[in-house]
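> Have a look; sequence and predicted model below, questions after that.
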Amino acid sequence: MSGMWGDNLKLSIFGESHGKAIGIVIDGLPGGITLDTEYIYKEMQRRAPGKNKLSTPRKEKDQFEILSGYFNNKTTGTPLCAVIYNTNQRSKDYEKTKSIIRPGHADYTGYIKYKGFNDYRGGGHFSGRITAPLVFAGAIAKQILEKKDIIIGSHIKSIGEINENSFDAVNIEGGFLKEIISKDFPVMDDEKGIKMKNRILKAKEDMDSVGGIIETAIVNVPAGVGSPFFDSVESKLAQLLFSIPAVKGVEFGAGFDITRMKGSESNDEFFIEKDDIKTYTNYNGGVLGGISNGMPILFRTALKATPSIGKLQRTIDIQKRKNTEIKVEGRHDPCIVPRAVPVVEAVAAIVLLDFLIEKDGIPWMI
Ligand SMILES: Cc1cc2nc3c(=O)[nH]c(=O)nc-3n(C[C@H](O)[C@H](O)[C@H](O)COP(=O)(O)O)c2cc1C
Ligand SMILES: C=C(O[C@@H]1CC(C(=O)O)=C[C@@H](OP(=O)(O)O)[C@H]1O)C(=O)O
């Protein structure tokens, strides 16, 4: 089942971008948790479309309504369902090109898999819009983790060829991460941030789009979370990260660069400081044998450039089975990266909460 995920915390997402609503059912949250709904709203606003010229002009408030599983300001322990109504669809953008396949989007594969019955309007169930319910669930997970001082934060590492430094893999702290994610455009170097924004605007002006990399750190995860092989921290995170539309790469710690290091360089050597066991370096991204080692968990997520662009491209008419051309019209993100930052953090929080529920439960919340 494509829309379902999870072992301990179970998620089921539903909806289409131009349908009545999108939403999520979360099963496995213990009863008795008071949710900070303002916190959830703020996370949703970090992702919401239509806020500035770097984003799609489609304006959605992304207000959520909790339909079940929440009573007297506490979770009940039964499935928690939340919906987000779609209010600003403009389906005519998709009507005249409904059989013309957009290169790079899911039009062709969706048509094949669902035999032409898929809702093509706005990308339907393949739309980046379906990440809004993920951010809802992630905001619940994030606030539960924060009560244990586990903080998740990201910065925009690159847009196109413009790149800023990486996080300090060893000494990164929760307070610093919170400061970065409170920014509208989360970068460490604001001068670089301006260059990145200009790069996005240039792509937009050229009727084109641009991609980039998001780097994420999770701090204060105790050693011992995760399992070897199929339930490794890396494999579970990668599964959800790759579920985000437009994600085409994920790397942990030093990532692909680790292949150019000798063992004497990539081994993170241990030391004891007071009662804590730490490593001097963190090229393994806080995970060894699939299990957290207590160092910051560090990973980078690569997102491709937005597929729907105004530039002329070659494609096919799937109904007429003829070659043709397309210039995609409508309201699209010239770059997905800025709006994907809270989505990446959300899925990381969901994975981590799933692991913690399995390990010892979350007694600090009840
Ligand atoms: C937050 C977010 C916003 C997106 N906005 C757009 C958009 O405006 N236009 C578009 O064509 N694709 C957009 N996408 C990407 C497409 O949904 C995605 O490329 C498509 O479903 C194909 O999936 P794939 O790229 O993972 O193969 C967005 C994705 C995310 C996560
Ligand atoms: C609505 C959102 O983003 C949408 C994601 C998207 C896509 O193809 O992924 C295409 C666009 O849809 P539409 O053509 O309906 O404006 C974006 O606006 C959102 O993220 O909430």
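Arrived safely. Predicted model, so just to flag it, every value in this text is computed and none were measured. Ligands and ions are numbered 1, 2, ... in the order given.

> got the contact list for P103?
Contacts for P103 were tallied using CB atoms under 8 Å, 6 or more residues apart in numbering; they are P307, Q313, R314, T315, I326. For glycine as for every other residue, the C-beta is placed from the backbone atoms N, C-alpha and C.

> if you set the cut-off to 7 Å instead, what comes out?
Taking CB atoms under 7 Å, 6 or more residues apart in numbering as the criterion, P103 is in contact with P307, Q313, T315.

> Please convert these to JSON lines, extending it with distance to E146, secondary structure and pLDDT.
Shown next, in JSON lines, are the contacts of P103 (distance: CB to CB, whole Å; DSSP: H, G, I helix; E, B strand; the rest coil; pLDDT from 0 to 100):
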{"residue": "P307", "distance to E146": "35", "secondary structure": "coil", "pLDDT": "98"}
{"residue": "Q313", "distance to E146": "44", "secondary structure": "strand", "pLDDT": "98"}
{"residue": "T315", "distance to E146": "46", "secondary structure": "strand", "pLDDT": "98"}
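
> Same list, those, but as JSON lines with distance to ligand 1 and neighbour count please.
Shown next, in JSON lines, are those (distance: CB to the nearest ligand atom, whole Å; neighbours: other CB atoms under 10 Å):
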{"residue": "P307", "distance to ligand 1": "4", "neighbour count": "19"}
{"residue": "Q313", "distance to ligand 1": "12", "neighbour count": "14"}
{"residue": "T315", "distance to ligand 1": "13", "neighbour count": "19"}
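
> Find the nearest non-adjacent residue to whichever residue of the stretch 1-150 of the chain sits closest to ligand 1, please.
Residue of the stretch 1-150 of the chain nearest ligand 1, by CB to the nearest ligand atom: G128 (2.5 Å). Spatial nearest neighbour of G128, excluding adjacent residues (CB to CB, 6 or more residues apart in numbering): P245 at 5.0 Å.

> still on that earlier bit, closest to ligand 2 out of the contacts of P103?
Distances from ligand 2 to those, taken by CB to the nearest ligand atom, are shortest for P307, at 7.4 Å.

> picking that back up, for the residue nearest to G128, what are phi and psi?
In terms of degrees, to the nearest 10, the main-chain angles of P245 are phi -60, psi 140.

> give the contact list for the residue in the stretch 251-366 of the chain that ligand 1 sits nearest to.
Using CB to the nearest ligand atom, S308 is the residue of the stretch 251-366 of the chain that sits closest to ligand 1, at 3.2 Å. By CB under 7 Å, 6+ apart, the contact set of S308 is R102, H105, V328, G330, H332.

> mind checking the SS state of the nearest residue to T281 once chain neighbours are set aside?
Leaving out its chain neighbours, the residue that sits closest to T281 by CB to CB, 6+ apart is D268, at 4.8 Å. Three-state call for D268 (DSSP: H, G, I helix; E, B strand; the rest coil): coil.

> count of residues packed around D268?
21 (other CB atoms under 10 Å).

> pLDDT at it, what is it?
On the pLDDT scale, D268 is placed at 98.

> how near is it to N52?
D268 is 40 Å from N52, where distance means CB to CB, to the nearest Å.
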